[in-house]
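Peer 1: Got a sequence here, can you model it:
(one chain, ligands or ions: 1)
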Amino acid sequence: MTTSAVRVVLRARPSDGGTCIAFLPDKKGISIVQQKIIEGRPGGSQPASQSYQFKFDNVLASASQEEVYEAAASEVVRGALEGFNGTIMCYGQTGAGKTFTMSGGKQSYKQRGIIPRALGHVFAEVKAMPDREAKISIQYLEIYNESLYDLLDITTQPHEISIYENSRGVVTVSGLRTAVVTSEAEALALLFEGETNRVIGEHQLNRESSRSHSIFTIMVELRPVGEAGGDVLMSRVALVDLAGSERVSKTKSEGLVLREAGHINKSLSILEQVILGLGDKNRDHVPFRSSKLTHVLKNSLGGNCRTVLVANVWSDMAQTDETVSTCRFAQRMMRVTCEVSANVMQDNSARARQLERQVADLQQELAMHDAMVMRSGVQYTPYNEAQRTELRSRVLDFLMADPAVLGGASGGGAVAADSIEPLELHSLRHMKEILLACKHLYREAVRSAPPGMPGTVVPGLRGPGAACRESATGEPLQARRPSSAGSSAAPGGTLSASATAAGRRPSGVSNGVGGHGITEGPGVGRMERLGGAGVAPDDARPSSMGGIEDGGGGSSLAERLLSQQGTGTSAAAAGMAAASAGVVAPDRLTALEDYKAGPGALKARLLAENRTKLKTSRTRAKELGLAVNATKRELDSLKAREEELKRQRVQQQGEGSQVLDAEEFDILMRIKELKVSYKENYNELQVVKSEVDYTQGLVDQCNKELLLEFTEWYEATYGQPPADDGGDDDTSTGPPRGRSPLPAAALAPRTAASTGMRHPAPQPLAATAGAVAGGRVGLTPPSPSGSSVSAASSHGGGAPSAGLKPRSGNGKVPLSSLVAPSGEELSSPQAMAYYNAQQMLLQKTTGVAHRPGSVKKTRPAAAFGGSTRPGVAG
Ligand SMILES: Nc1ncnc2c1ncn2[C@@H]1O[C@H](COP(=O)(O)OP(=O)(O)OP(=O)(O)O)[C@@H](O)[C@H]1O
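Peer 2: Numbering: from 1, shown residues only. From the prediction side, this is the model:
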C-alpha cells in the first residue's frame, strides 16, 4: 500500500487564453515551484490590490487541454489495468467547462472529453493484452437534488438505489444497472444515452447547465486467459462531473433551477468540509454521510484510490472570485492523501485446474518414458476397484503358488522356491497397492475363519488373526471349539504343532464334495481350512494327506476370498458349515458378530454405511433447524429496531425523508441478508428432512435383512435357530431411535427364496446331519490312500449339485476325481486341492504360468458337475 496525494489539474476556458496548466506532483517531491495563476490585473479591470497568488507543488507541464485530457485518461486507465482504483473529478464554477472536460464538446472528435478517451484507452489496452481476459462494465449514476438516479436505466426509481458501506468502510451503490460492454462503441453508446438522461437547466451563465452531479464508473476485471490460473485484478474508475457552484446573484436562477442551485451548493459545501477534514490530521470526524455526493465519493476522497482533481476555472475577470475559490479548493485537495493498493485476487479454481493439467502432463511423460524403456503396465493414476480386485487375485496367486504344495501336487518333492514367478513391481504406487492387497487378503482370511477353530494359524502370519486364538501362554484357545472336534486335535496341539500338521494337508478336499463328517486327524488345524497352502515339512505330508477320507474339510483360502468377492462357491460356504458340524452352537450375539465379520460382512457394511449417512443427515437437519430458528429470532428483533428508527427519523426529518442514518441503513442491509439465508436454510432443511426419512427406511430394511439372513445362516450352520437371548436385534448400535426393535418373530428362519437374499445362506450339510445322526462327528483315522475314487463311481452318472448333498447313506461323499493334462486321473486330494485353487485363480487372472508339477485345467467346469461358476467343481 502506498500513499498518494490527490493531484490537481487546473484547466481554464480557452476563451480566456486557452492555456491549460497541468499540475502534477514530482515523484521525488522535492522542488516547490511557485506559479502565479492570477496576478495583477490581467484584464486590466481589477485593481492591483486584488491580486492573488497560489502556490502549487511541482508544476511539471503546461499543455493544451487535449493533452491534459489524454494524459489524465490514459494514466487512470493504466492504473486500473494494474488493479488500482482511480477517480478523475471536475470541480469548478458553473459554466467553467466541467462537462466539456469530462464528456467533451459536441463539435468534433478532437473535443472529446476524458470519459470517451478513457473508454478508448481501456479497450485499446485490453486488446493489447492477449494473455488476459477482460470484463469491462459500466455504471452511470446521477445525484440530483439529493436523490440517486440511474442514467443507464431511467425506469429505476431513486428508492431502489441505495448506498451501502461495508464494515471496512468500502462504499458501493446497489440497485444500479451494471452494463457489461465488449467494445468501445457499445460503451460510448451507453455514455451518450446516459448523457441525454441527465438533467440540464438554463441560467444566465450556462444555457446547458448540468443540474446534477454525475459519476460514470468503468469497472475492470482482468484474469489470465484460459486455465492458466493466476492473479485476478479488479478495479474501478470513477469519472465525476460535479454540478457547478453558482452565485444566484449571477445566474439569476429562480423556481426549480433555484432550488436545484440550493442542493448543488449545499452538497459542494459539504464536499469542501470533507476535503478540509481529510486534509486536517487532527480532525477525527469527516462528514462523508452528510450528503449523498460525499458518501458515494468516500473512497475517491481518501480511500483506496488514485484521485485527480481537474479544477476548472473561468479566468474572466468577472469570475475572479469563483476562480479564486476554485483554486483554494484545489489547494486544499492537494493536502488529501489516499492509501492505495492494487486490488488483486487469487483465482484458486484456475490454479487447481492448472495443477491438474500439470499432473496429467507429468503422468503422460512418465508413460512415455516407461514405453521407451520397455516398461509396460505401469500405472500412475489411483487404482479403481476393478483393478484392485485384479491385483488381489494376482497377489493371491502368488501367495498360493507355494513350493511345498507344488511339490506335493506333482508328487515329485518340493519345488525350488525360486521357481515361483515373482510379482513384478512397476512403480511405487504398484508396490503400495500390493501391500494393501496383502493386508486386505490377510484381514479377509482372519475374518472368514469359522468361529471355534482351534489353534488356527495363517502360515507366516502372526498378527491378530493368529493371536486372537492363542492364549496368553501361547496355548491354542479352544473354548469356542466343541469338545467333540477339539478332542481330535493333535495331542499337545500347540499352535505350531497344529499348524505344522495342518500344513501337510491339502485344502482342496472341500471342493464341493465335502459335507459330511469332518474327519479330522490329529492336529487338524486351520491350515486346511485356509487353503492348505501352508509350508509344511515334507516329512509330515504323507500322514496328513491321508488324513482326509471324504473331503469334509473347510474351504480353501482362495475359495473363501473369491467367495467374498461374489464369485465364491456354495462349496466354500458348505465347507464352512461342514467345519462347524457338530459344533456346539454359540450364543446368538457371538454368532451374529461372527456372521457380520464373515458371510454377512457386505450387508453389515451396508447397514453401517447407511447408519453413518443417517447420522450425518440428522446432524445436518439439527444444524439447519437451529440456524433457521436463530435467523428468525434475529430477523424479528431487527425488524422491531428498524421500525423504531424509522419512527424517530420521521419525527426528526418529516414524512418522506429518505436519508437513513448508518444504523438504520445497516439494519436494512442485514435484514436483506438474513432473509436470503433464512430461505436457503429452510429449503435445505426440507430436503434434508426427507433424506433423513428415506435413510431411516434404508437402515431398517438393512437391519431386517441382516437379521433374517443371519438366522438362516445360523440354522444352516448349527442346525437350529438361534436362541432368543433377549438381546438387541441390532447389535451394532441398537435399533433406530423412535422405532421399535424387530420382533423376535422376524428372526424366524426363512428360506433364501422367500427372503430374496442376494447371498443365500449355506445349505445345511447333509453330511452334518448324517454325522450328527450317527451321534458324533466322524473321526475316521487318516488314510493315505483312502480318498481315491474314480470319477465314474463318484458321480454315479448323476450330475452332482453344488448343494453338497451326500450321495450315500453312510454319510460319506466320494471325492470327484480329476484328470491331469496327461490324462492321468488325479487321485490325490492334495492335487485336487491345488487344482481347485488354481482353477479359480485362472479364471480370475490371466497369464498364469504353469509350473512344474502344476495341473492344467483341461476340462470345463461343467464337466465337474455342471456348474460354470468358478470353484464349483463337483
Ligand atoms: N475548452 C472549451 N472549448 C470550447 N468551448 C468550451 C470549452 N470549455 C467550455 N466550453 C463551453 O462553455 C460552455 C459551458 O461549459 P460546460 O457546460 O462544460 O460548463 P460546466 O462547468 O459543466 O457548467 P455547469 O456546471 O453549469 O454544468 C459550453 O457551451 C461549452 O461548450
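Peer 1: ranges for the strands of the stretch 551-700 of the chain?
Peer 2: In the stretch 551-700 of the chain, no segments count as strands under DSSP state E, counting those that start in this stretch.
Peer 1: In terms of pLDDT, where does the residue in the stretch 51-200 of the chain that the ligand sits nearest to sit?
Peer 2: In the stretch 51-200 of the chain, the residue that lies nearest the ligand is G97 (3.0 Å; Cβ to the nearest ligand atom). For glycine as for every other residue, the C-beta is placed from the backbone atoms N, C-alpha and C. G97 is assigned a predicted lDDT (pLDDT) of 87.
Peer 1: Tell me the confidence at the residue in the stretch 551-700 of the chain that the ligand sits nearest to?
Peer 2: In the stretch 551-700 of the chain, the residue that lies nearest the ligand is V659 (24.3 Å; Cβ to the nearest ligand atom). For V659, the pLDDT comes out at 79.
Peer 1: right, and it touches Q653 too?
Peer 2: Yes. V659 is within contact range of Q653, at 6.6 Å (criterion: Cβ atoms under 8 Å).
Peer 1: does R236 have beta-bridge partners, and which?
Peer 2: Counting by DSSP bridges, R236 forms beta bridges with M219.
Peer 1: so who does it touch?
Peer 2: Shown in contact with R236 (Cβ atoms under 8 Å, 6 or more residues apart in numbering): A80, N85, G86, T217, I218, M219, V220.
Peer 1: please redo it, this time with the cut-off set to 6 Å
Peer 2: By Cβ atoms under 6 Å, 6 or more residues apart in numbering, the contact set of R236 is N85, T217, M219.
Peer 1: And the particular helix or strand that has T294 in it, what's buried?
Peer 2: Using DSSP states H and E, T294 falls within helix 292-296. Using 16 or more other Cβ atoms under 10 Å as the test for burial, helix 292-296 gives K292, L293, T294, H295, V296.
Peer 1: Out of the residues you listed, flag the one nearest to R177.
Peer 2: V296 (16.0 Å; Cβ to Cβ).
Peer 1: Stretch 326-335 close to the ligand?
Peer 2: No. Stretch 326-335 does not reach the ligand (Cβ under 6 Å from any ligand atom); its nearest approach is 10.5 Å.
Peer 1: Would you indicate which residues of the helix or strand harbouring D370 are buried?
Peer 2: Element membership for D370 (DSSP H and E) is helix 348-372. Neighbour-count burial for helix 348-372, counted by 16+ other Cβ under 10 Å, picks out A350, Q354, D370.
Peer 1: Quick check: buried residues in the helix or strand that that helix is followed by?
Peer 2: Counting by DSSP H and E, the next helix or strand C-terminal to helix 348-372 is helix 385-400. By 16+ other Cβ under 10 Å, the buried positions in helix 385-400 come out as T389, E390, L391, R392, S393, R394, V395, L396, D397, F398, L399, M400.
Peer 1: And the residues you listed, which is the shakiest by pLDDT?
Peer 2: Among the buried residues of helix 385-400, M400 has the weakest pLDDT, 77.
Peer 1: Return the distance of that one relative to the ligand.
Peer 2: Distance from M400 to the ligand, counting by Cβ to the nearest ligand atom, to the nearest Å: 94 Å.
Peer 1: Can you tell me how far S108 is from N206?
Peer 2: Per Cβ to Cβ, to the nearest Å, S108 is found 20 Å from N206.
Peer 1: Pick out whichever of the two has more residues nearby.
Peer 2: N206 (19 against 8; other Cβ atoms under 10 Å).
Peer 1: So what's the residue count around the closest residue to the more buried one other than its chain neighbours?
Peer 2: Spatial nearest neighbour of N206, chain neighbours left out: G95 (4.1 Å); criterion: Cβ to Cβ, 6 or more residues apart in numbering. Other residues near G95 come to 25 when the count uses other Cβ under 10 Å.
Peer 1: and if you look at G277?
Peer 2: G277 has 19 neighbours, counted by other Cβ under 10 Å.
Peer 1: Am I right that K298 is in contact with P287?
Peer 2: No. Here K298 does not reach P287: they are 10.6 Å apart, not a contact under Cβ atoms under 6 Å.
Peer 1: More neighbours: which of those two?
Peer 2: More neighbours surround K298 than the other of K298 and P287, with 20 against 15 (other Cβ under 10 Å).
Peer 1: so G230 bridges to which residues?
Peer 2: Those that pair with G230 in a beta bridge, by DSSP bridges, are D347.
Peer 1: Show me the shaky parts of this protein.
Peer 2: Within the chain, the segments meeting pLDDT under 70 span 1-63, 227-229, 251, 315-317, 375-377, 402-421, 449-583, 724-874.
Peer 1: Strands of the stretch 151-300 of the chain, start to end?
Peer 2: Secondary structure of the stretch 151-300 of the chain (DSSP E, counting those that start in this stretch): strands located at 162-165, 171-174, 179-181, 200-203, 206-210, 213-224, 230-241.
Peer 1: Can you list the helices and strands that the third one packs against?
Peer 2: The reference is to strand 179-181. Other helices and strands packing on strand 179-181, by 3 or more Cβ pairs under 6 Å, 6 or more residues apart in numbering; DSSP states H and E, are strand 132-144.
Peer 1: try the second one
Peer 2: Using 3+ Cβ pairs under 6 Å, 6+ apart as the contact test, the elements touching strand 171-174 are strand 162-165.
Peer 1: In its sheet, which strands sit next to the strand it packs on, and in what direction?
Peer 2: By DSSP bridges, strand 162-165 pairs with strand 171-174 (antiparallel).
Peer 1: got a list of contacts for the strand it pairs with?
Peer 2: Contacts for strand 171-174 (Cβ under 6 Å, 6+ apart): S162, I163, Y164, E165, K298, N299.
Peer 1: what would these look like in a markdown table with distance to L638?
Peer 2: Shown next, in a markdown table, are those (distance: Cβ to Cβ, whole Å):
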| residue | distance to L638 |
| --- | --- |
| S162 | 17 |
| I163 | 19 |
| Y164 | 16 |
| E165 | 18 |
| K298 | 25 |
| N299 | 27 |
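Peer 1: Now restrict the residues you listed to buried residues only.
Peer 2: Counted by 16+ other Cβ under 10 Å, the contacts of strand 171-174 give S162, I163, E165, K298, N299 as buried.
Peer 1: ok, now which ones touch the second one?
Peer 2: Read it as I163. V173, H295.
Peer 1: ok, 8 Å please
Peer 2: Shown in contact with I163 (Cβ under 8 Å, 6+ apart): L148, V171, T172, V173, S174, K292, H295, V296, F665.
Peer 1: could the contacts of R236 be laid out in CSV, adding distance to V692 and neighbour count?
Peer 2: Converted to CSV, the contacts of R236 look like this (distance: Cβ to Cβ, whole Å; neighbours: other Cβ atoms under 10 Å):
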residue, distance to V692, neighbour count
N85, 49, 26
T217, 48, 18
M219, 45, 20
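Peer 1: quick one on the thing from earlier: the inter-axis angle of the helix holding D370 versus strand 230-241?
Peer 2: 150 degrees (axes from the mean of the first three to the mean of the last three Cα atoms, to 10 degrees).
Peer 1: Helix 348-372 to strand 213-224, inter-axis angle?
Peer 2: Relative orientation of helix 348-372 versus strand 213-224 (the same axes, to 10 degrees): 10 degrees.
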